[in-house]
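>>> need the 3D shape of this:
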Amino acid sequence: MEAEATYTAFAGERRIASGPPGRLIPQVKAHLDRRRDDPVLIFEDRTGRQIDFDFRGTSDEVLRRAVAAPTRPRPGRPWLGVVCREVSLLPRHWDWLEQQPNGISAALRRLVDEARKRDPEKERARLAREAAGRFMTAMAGNRPGFEEASRALYAGDEARLVELIRGWPKDIRGHVGRLLRQAPEVEGEPPSSSAPGAREA
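Numbering: from 1, shown residues only. Now for the predicted structure:
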């Protein structure tokens, strides 16, 4: 069973809440009720993508909308966990897929599953870096050393990354480290104890 999604909210450079919707939403709602003009950004921890919740009404109303949003009808067979999306391929790719047993969809699912099993730790490390990169772009894209820090991040050079973001706000630095630690092993090696925010988050 897939783990419940977790999120982290920032007001400016300060982290104000973190956790699943049931814990995060009441905290963010209380903050917004106290400081209506304070801009708040919320990020999905797994992907680093910015997420928008509709904070009109009470905390319970906000939470109900947040929980109901993913259940809106979508193409496919959502009751089986099957969702339709458009895929663009060259004719030779379609030709090959049409020759596979059990149909195109089954062939694509099999290819994805095989790729995921090939090197799962490396894949998890890549996804963790991408999540950290998205968060860094949103929260620190204009900060000194951002471009060099991004290069260090994607090169897997954690020592260089730590040095480059040392002057960034503590909560931003700490969350970068938190996102990177989603992958317990990076490129087959134990995570560095010098990972950004290793002792902070």
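>>> helix, strand or coil for the residue nearest the centre of the chain?
Most central in the chain under CA atoms, centre = their mean is Thr47, positioned 1.3 Å from the mean C-alpha point. Here Thr47 is recorded as coil under DSSP: H, G, I helix; E, B strand; the rest coil.
>>> and the nearest residue to it once chain neighbours are set aside, what does it touch?
Nearest non-adjacent residue to Thr47, counting by CB to CB, 6 or more residues apart in numbering: Ala131, 5.3 Å away. Where you see a C-beta, it was placed from the backbone N, CA and C, and this is true even at glycine. Taking CB atoms under 8 Å, 6 or more residues apart in numbering, we find Ala131 in contact with Asp45, Arg46, Thr47, Gly48, Arg49, Leu179, Gln182.
>>> phi, psi of the third one?
Listed backbone geometry of Thr47 is phi -110, psi -20, with angles given as degrees, to the nearest 10.
>>> distance of it from Ala149?
Distance of Thr47 to Ala149, computed by CB to CB, to the nearest Å: 19 Å.
>>> ditto for the fourth one
Separation of Gly48 from Ala149 (CB to CB) stands at 14 Å.
>>> pretty sure Pro144 sits against Gly167.
Yes: with contact defined as CB atoms under 8 Å, Pro144 counts as touching Gly167 (6.8 Å).
>>> what is the rounded mean pLDDT of the strand or helix carrying Glu114?
Secondary structure from DSSP states H and E places Glu114 in helix 103-118. Predicted confidence along helix 103-118 averages 83 (mean pLDDT).
>>> convert that helix to PDB, retaining C-alpha atoms only.
The C-alpha coordinates for helix 103-118 follow below in PDB (Å, rounded to 0.1, in the frame of the first residue of the first chain):
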ATOM      1  CA  GLY A 103      -1.400  -5.500 -26.100                       C
ATOM      2  CA  ILE A 104       0.300  -2.100 -26.000                       C
ATOM      3  CA  SER A 105      -0.700  -1.200 -22.400                       C
ATOM      4  CA  ALA A 106       0.600  -4.400 -21.000                       C
ATOM      5  CA  ALA A 107       3.900  -4.000 -22.900                       C
ATOM      6  CA  LEU A 108       4.400  -0.500 -21.600                       C
ATOM      7  CA  ARG A 109       3.600  -1.600 -18.000                       C
ATOM      8  CA  ARG A 110       6.100  -4.400 -18.300                       C
ATOM      9  CA  LEU A 111       8.900  -2.100 -19.600                       C
ATOM     10  CA  VAL A 112       8.300   0.400 -16.800                       C
ATOM     11  CA  ASP A 113       8.400  -2.400 -14.100                       C
ATOM     12  CA  GLU A 114      11.600  -3.900 -15.600                       C
ATOM     13  CA  ALA A 115      13.300  -0.500 -15.600                       C
ATOM     14  CA  ARG A 116      12.200   0.200 -12.000                       C
ATOM     15  CA  LYS A 117      13.600  -3.100 -10.800                       C
ATOM     16  CA  ARG A 118      16.900  -2.800 -12.700                       C
END
